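Undergrad: Give me the fold of what follows.
(chains A and B)
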Amino acid sequence: MRLATWNVNSIRSRADRVAAFLQRQDVDVLALQETKCRDDQFPEMMFNAIGYEVAHVGHSQWNGVAILSRVGIQDVEIGFPGMPSWSSKEGLDPTPEARALGATCGGVRVWSLYVPNGRTLADPHLQYKLQWLEALRAAGADWLAKDPATQIALVGDWNIAPENDDVWDITVFSHSTHVSPPERAAFRGVVEAGFADVVRPYTPGPGVFTYWDYTQLRFPRREGMRIDFILGSPALAARATGALIDREERKGKGASDHAPVIVELD
DNA sequence: ATGTCGGGTGTTACCCGA
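TA: Predicted coordinates for the structure are as follows:
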């Protein structure tokens, strides 16, 4: 089984590219982030036509996560237990953002995750990001405590570069989010709860990235960040036999600013 | 220089978010 994750930065503007990718890379299950649409706007028919079932949650032009599967899609769950909400305005009743979607596909519990960005070190959004990750860690630990043999894949855009090698020049990030100690500790917390990076062993760095900013010629200059991850529970990680980051999808007109990440499971 | 992309709107010019 081939499992992939991709921050597409709008599914409506890239549906053709996603469909072509699924077929070119022979992907069975694809988690998408930043679909940037409501459920009724998701181009579901085009994926049904090539053999994929679709689960999606999206409320507006922000966020939005989906799972596409040709090996079944059961027990769809919007948000994980304890997932925090966000409201930028005091006193508003916050509705949960469309940042997490779970579904069981071919025996694997897949979670498509779009971790909050954090914006800047002083922004309340960073605290929201840390709380969100802590809640995810707690949920993941709970799932594993209930069934240590369960196959879980936590995949998506984590908006964290866990190591200095995961950015092109760490000195540029001295006052930035994505590399700060609390963010890295939050990511490490999920790993230490039992979820291993199943892609890194097959895509060693340095200089191996999944995201390149649209501005400042970052992609041709090879100035990127590794912030998209496939983390697997022990039973899932034991099935990994290979992985790749599909840089080709970052090339050309109409590319997302993220490349897809794929793992091969036996 | 945010130099680029998205989607949005009190739409053909700006807003926000990343």
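
Undergrad: Now stretch A:107-125: buried residues?
TA: Using 16 or more other CB atoms under 10 Å as the test for burial, stretch A:107-125 gives A:108-116, A:118, A:125. Glycine gets a C-beta too; all of them are placed from N, C-alpha and C.

Undergrad: check these against DNA strand B, which are close?
TA: A:116, A:125 (CB under 7 Å from any atom of the strand).

Undergrad: Let me know the closest of the buried residues of stretch A:107-125 to A:A186.
TA: Of all the buried residues of stretch A:107-125, A:A186 sits closest to A:V115, with 9.0 Å by CB to CB.

Undergrad: Can I get the buried residues of stretch A:107-125 in TSV including secondary structure?
TA: Output for those, formatted as TSV (DSSP: H, G, I helix; E, B strand; the rest coil):
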residue	secondary structure
A:V108	strand
A:R109	strand
A:V110	strand
A:W111	strand
A:S112	strand
A:L113	strand
A:Y114	strand
A:V115	coil
A:P116	coil
A:G118	coil
A:H125	helix
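
Undergrad: What parts of the stretch 101-250 of chain A come near DNA strand B?
TA: A:116-117, A:119, A:125, A:213-217.

Undergrad: So which of those sit within helices?
TA: A:H125 (DSSP state H).

Undergrad: count of neighbours near A:M1?
TA: 16 (other CB atoms under 10 Å).

Undergrad: Please verify my assumption that it contacts A:V29.
TA: Yes: using CB atoms under 8 Å, A:M1 is in contact with A:V29, at 7.1 Å.

Undergrad: Would you mind giving the buried residues of stretch A:107-125 as a markdown table with distance to A:W86 and pLDDT added?
TA: A markdown table is the format used below for the buried residues of stretch A:107-125 (distance: CB to CB, whole Å; pLDDT from 0 to 100):
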| residue | distance to A:W86 | pLDDT |
| --- | --- | --- |
| A:V108 | 28 | 98 |
| A:R109 | 25 | 98 |
| A:V110 | 23 | 99 |
| A:W111 | 18 | 98 |
| A:S112 | 18 | 98 |
| A:L113 | 15 | 98 |
| A:Y114 | 12 | 98 |
| A:V115 | 12 | 98 |
| A:P116 | 7 | 98 |
| A:G118 | 11 | 97 |
| A:H125 | 7 | 95 |
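
Undergrad: so where's the stretch 1-150 of chain A shaky on pLDDT?
TA: Counting by pLDDT under 70, the stretch 1-150 of chain A shows low-confidence ranges at A:88-93.

Undergrad: would you list every one of the helices in the stretch 51-200 of chain A?
TA: With DSSP state H, counting those that start in this stretch as the criterion, the stretch 51-200 of chain A has helices at A:124-146, A:181-192.

Undergrad: Redo those as TSV? Include distance to A:F47.
TA: Output for those, formatted as TSV (distance: least, CB to CB, whole Å):
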stretch	distance to A:F47
helix A:124-146	27
helix A:181-192	29
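
Undergrad: I'd like to know which of those helices lies nearest to A:G254.
TA: helix A:124-146 (28.9 Å).

Undergrad: Can you give me the buried ones in stretch A:232-249?
TA: A:232-233, A:235-237, A:239-240, A:243-247, A:249.

Undergrad: I misspoke; the intended subject was stretch A:55-62.
TA: Buried, per 16+ other CB under 10 Å, within stretch A:55-62: A:55-58.

Undergrad: what's next to it, contact-wise?
TA: Outside stretch A:55-62, the residues that touch it by CB atoms under 8 Å, 6 or more residues apart in numbering are A:35-39, A:41-42, A:44, A:64-67, A:69, A:73, A:76, A:78, A:95, A:97-98, A:101, A:103.

Undergrad: Now the residue nearest to A:F229 when sequence neighbours are not counted: phi and psi?
TA: Excluding the flanking residues, the one nearest A:F229 by CB to CB, 6 or more residues apart in numbering is A:W158, at 5.3 Å. Main-chain torsions, A:W158, degrees, to the nearest 10: phi -90, psi -10.
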